[in-house]
Structure formats: C-alpha cells, structure tokens
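> Starting from these lines, generate the structure:
(2 chains)
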Amino acid sequence: MQYAAPRGTHDIMPDETPLWHWLEEKFRRVTRLYGYQEIRTPVFEHTEVFARTSGESSDIVRKEMYTFEDRSGQSLSLRPEGTAGVVRAYLQNGLNATMPLAKLCYIAPNFRYERPAAARYRQHHQVGIEAIGSQDPALDAEIIGFGRHYLDDVGLTGTALSINSVGCPNCRPAYREALQAFLQPLLPRLSEDSQRRFETNPMRILDSKDEGDRDLTADAPVMLEYLCEECQDHFARLQNHLLDLDIEFEVDRRLVRGLDYYTKTAFEFKHAGLGAQDTVLAGGRYDGFVEQLGGPPTPGIGFGSGMERVLEAMAADGIRPVASGPRPDVFVATMGEAAHKFGVSVLGQLRRDGIASEMSYGSRSLKSQMKQADRSGAQLALLLGDDELSKGAATVRWLQTSEQQFVELDELPRRVKELLDATREAPPVSPAPQE
RNA sequence: GCGGGCGUAGCUCAGUCGGUUAGAGCGCCAGGUUGUGGCCCUGGAGGUCGUGGGUUCGAUCCCCAUCGUUCGCCCCA
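Purely as a prediction, here's the structure:
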C-alpha cells in the first residue's frame, strides 16, 4: 500500500455515510425541538483562543494541539474542542449585544494529537450545543435534557447520567486548599500519575482509576461540601428540574472536568459497552469563559458528543438503523451502439423529470447490465435495443416481479412515474430500515 | 508520552515445526442463455504474506527496527 490515511484518522466510506447522515439528522431534529441554531466556525483558530480558555496546564493545550505557523509567522491551531471557537464567533459577531440568550449547535471535526485507541481518534467528529447568556439552572436542565433526548432518539437508552458541581472561582480555591492539605501526607503513597496531578489538577486525583488511589482518597473532602451558597443553590435547583423532567441521574461527587473553564454544573453520559473511552456525551457550565476571551461577564453552558463513540456504542448495542444509501428508481440497459447513444438522452430526460436514474457505461452484455440493475436497487429497468428503437418505444421491466411492457417514448416519463408511485404506495418486501 | 497483543487477496480468516507454483469463503469480472437480473454451475483477475534490515544455502514463518492497528494507562468526545 502506497499511502494510508495519517495515524488516528479514518475515511468514512460510501457504505457508512448513510449511517452518519442518519445520526446527524437525529441530532438536527432535536436541535429544532429545543431551538438551537447551527453555527459553523473555522477549523483552525489563533492558538491563543484555545490556550487562553482551556487552561495552560490542561493536557489539551500542553501536548495535544495541532499547532502550526502560517507563512506570516502567526501561530494557529486546529480546533481541539468546540466551545472556544463558538464563543469567539459569538463575541466577534456581536451576538452578546443582539441575542440575550444565544442557543447554538454544531457538527464538526475536532483534532487532538494523542495516541489513538478504541473510539479515540486524532480527527474525530462531535455534535455539540452551547447556550450563552443565562445562569438559570433551568437552562442547565435543558442542556442535559437535550443530551438525554438525543441519546434516547439514537437508541442508546442505557447510557447513565452523572452530574456534579465543580464550584466557581469563589469557592473552588478554598476547596483546592483543603484537598491539597488532605493529600499532602498521602503523597508518597499515591500513584505516580496522581503525584503529578497534585500540582496540576488535584481534583483529578479523586477521579483516578488506580485502586490504591481510590482507597487512600476514600475520605477525601469533595467539592460539594465546599460549595458557596450560590453554587449550592444552583446545584439543588438543577436537581429539582431534572426530577421534574423525569431525567434519571446520579450525583457523582468525584466527577471532574479536564478543562479549566468549567464552573458549577459538570455532567457526563457513559455507555457500558465501550471500554476505557466510555464517555459518549459530556459538558458543563463555563461562566467565566466569555470574559477570558475579552467579552463582558456572560454565563454559558454546553456539551459535546463524539460521533464515533456514539456509533460504536450503537454497534455494541446492536442498533443498525440504516441498511443502505440512496437507490435509483430506474436503471437503463441498452443493446448496441445506437441504443446506447439513445439511452444517454433517455437517461438525461428521466433525470430532468425528477426520476433518479442510472445506466451502465462501457459495452457490457445485457446480462451484466441486468445484474447491475438488480444490485443498484432500482425498481424499474428500462431496456433499449433494436426492437425498441424501431418501434419508438422502451421495454419497462418491473424488477421485483419480472413483468414488463412496451411503453411509447413520449409516454415514458408519465408511465414510469405511475409505476413508481404504485410501488411506493404498496412498498415491496425489501428490508425496510428500522426506525 | 508509557506498557502488552496483532499485521497473509477488496473483506473475514486458514497456513507454513524455516524449503520450490501461499489457500478458503464472501465480494468483483466473465461464460453457461449471440435480448433479460436474483438461484445454480464453470472459469478468471486480484497477494513485493505491512515496510526496512539481520540470521540462514534458503525467511511469509526466527531476530531487530519502523509504520499501522488494537487493549490498558495518561487524557478525553
């Protein structure tokens, strides 16, 4: 093999795109129900945009960004996550002045230079939403409810929702101190990874997968005990809204987020069939974010959901909603050069009449063309040969029943449409995609 | 970035205790029907056995490196 796609990237081939379209449509439908409008931002931004907001210490900024200089020497980076670019666009286009609450959604690729693993890629695709401009916990509930709705529609009803509050700049510093005070004496006994986290992100230690760490930190202070009044109230009201909405959740006191910008609400939907990369949709509130990008103090909240992960979770659950891509209505088969030439113009006419049509190129036997017609999934085959040409007609063959008839050429579009309509009213026994 | 598994046809995989022409099923193409698809039969194309180096009379097989992939860790969607 001469060339392969770069490590951690993958091609989405024609036999898979129908499934991607299906998933995108599931998402778009929910965006309409909840009133989120699509935004499309550049695939790269000034590196500052991400460095500023994700936190200089986060792994994403430290070692996972695709950063490069353009010809003028400015530093640009491929988007590693969705929120930063959206907020940048929000400010640049003055939505803060024109939309009291901006409800935005996107479907876009993200890029991270990390070691590929199951359901983790260097280029992956996320659907996501952001709501910028309100601190109301009802909005947190809407965002989480959106996530639940989307996953349910996709068929992943078994995903478990965890929520937590990670506090705010008022209460987190005190908690961080208390946590570090607790961890200090344990430090030598913690895993290597956690020793490193002690400085960079001590809250992550609570989330460690190391069993020894888990035991040692069983009685560690948790953020919930240190929440300021405002954060406490916010978290309580969120839970009430979720209960009112019949959304099942569990409070995970150790749930944290990797990016520095999160405040208050953090949440994750996990799927059991995925192995180590089991988070299928995750997000949280980021009330200090807009300010960090130079805007006025503006609260915001959103989530991202990895499409590759959702598709793998679907596969693990045996959800296979789409059988195949679009099929032509009509397949034109010809015999002889004159008929082939004529077939080309018939094909063009059918298409102008709105009938999806194909034909065979190169000189293939009729048998081979019929085989192609069969595999194309077309309902009708149109046969053109010397007989038809001399009579000014075409043979129209209904592929399911093998019935066929001569049709005058000027009758053709009308007759073909009639036959196709009849088929649609009484759908044949083809394996219908399950909804 | 760290540790382990795997890499044989388009796909799923067999195989060689190191030995000459590397196999199957599916798929693809053609013929069996010089104007008719699905089933069946017959035939065909398609492989530098991931790549590079080493050991050997001889390597797809053993060793090393490298690339890719996969599982776990870090981190994350």
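> Would you mind listing what in the stretch 51-200 of chain A touches RNA strand B?
Proximity of the stretch 51-200 of chain A to RNA strand B is confined to A:58-60, A:64, A:81, A:112, A:114-121, A:124, A:126, A:193, A:197 under the rule CB under 7 Å from any atom of the strand. For every residue, glycine as well, the C-beta is placed using N, CA and C.
> Tell me, how many residues neighbour A:Gln232?
The local packing of A:Gln232 (other CB atoms under 10 Å) involves 16 other residues.
> Please compute how far whichever strand or helix holds it lies from its chain's middle.
For A:Gln232, the enclosing helix or strand under DSSP states H and E is helix A:229-244. Centre-to-centre, helix A:229-244 and its host chain are 28 Å apart (CA atoms, centre = their mean, to the nearest Å).
> helices or strands up against the next helix-or-strand element following it?
Using DSSP H and E, the next helix or strand after helix A:229-244 towards the C-terminus is strand A:250-251. In terms of contacts (3 or more CB pairs under 8 Å, 6 or more residues apart in numbering; DSSP states H and E), strand A:250-251 is packed against strand A:160-165.
> downstream neighbour of the strand it packs on in the secondary structure list?
Secondary structure here is assigned by DSSP H and E; on that basis, the next helix or strand after strand A:160-165 toward the C-terminus is helix A:172-183.
> and that following helix, what's its mean pLDDT?
Averaged across helix A:172-183, the pLDDT comes to 91.
> what comes into contact with the helix or strand hosting A:Lys371?
Under the criterion of DSSP H and E, A:Lys371 resides in helix A:366-376. Contact with helix A:366-376 is made by A:Arg327, A:Pro328, A:Phe331, A:Ala333, A:Thr334, A:Met335, A:Glu358, A:Ser360, A:Arg364, A:Ala381, A:Leu383, A:Leu399, as judged by CB atoms under 8 Å, 6 or more residues apart in numbering.
> now the helix or strand the fourth one falls within: mean pLDDT?
If I follow you right, that is A:Ala333. Using DSSP H and E, A:Ala333 sits in strand A:330-334. Strand A:330-334 carries an average pLDDT of 96.
> tell me which residues of stretch A:239-252 are tucked away?
Buried residues in stretch A:239-252, defined by neighbour count with 16 or more other CB atoms under 10 Å: A:Gln239, A:His241, A:Leu242, A:Ile247, A:Phe249, A:Asp252.
> Can you give the contact residues for that stretch?
A:137-138, A:140-141, A:144-145, A:148, A:160-164, A:224, A:267-268.
> For A:Ser305, which non-adjacent residue is closest in space?
Beyond its immediate neighbours in the sequence, the residue positioned closest to A:Ser305 (CB to CB, 6 or more residues apart in numbering) is A:Leu281, lying 3.8 Å away.
> Would you check how far apart that neighbour and A:Leu382 are?
A:Leu281 sits 48 Å away from A:Leu382, going by CB to CB, to the nearest Å.
> can you tell me the helix or strand for the closest residue to A:Met307 other than its chain neighbours?
When the adjacent residues along the chain are set aside, A:Met307 lies closest to A:His125, with 4.3 Å between them (CB to CB, 6+ apart). In this structure, A:His125 sits in strand A:123-132 according to DSSP H and E.
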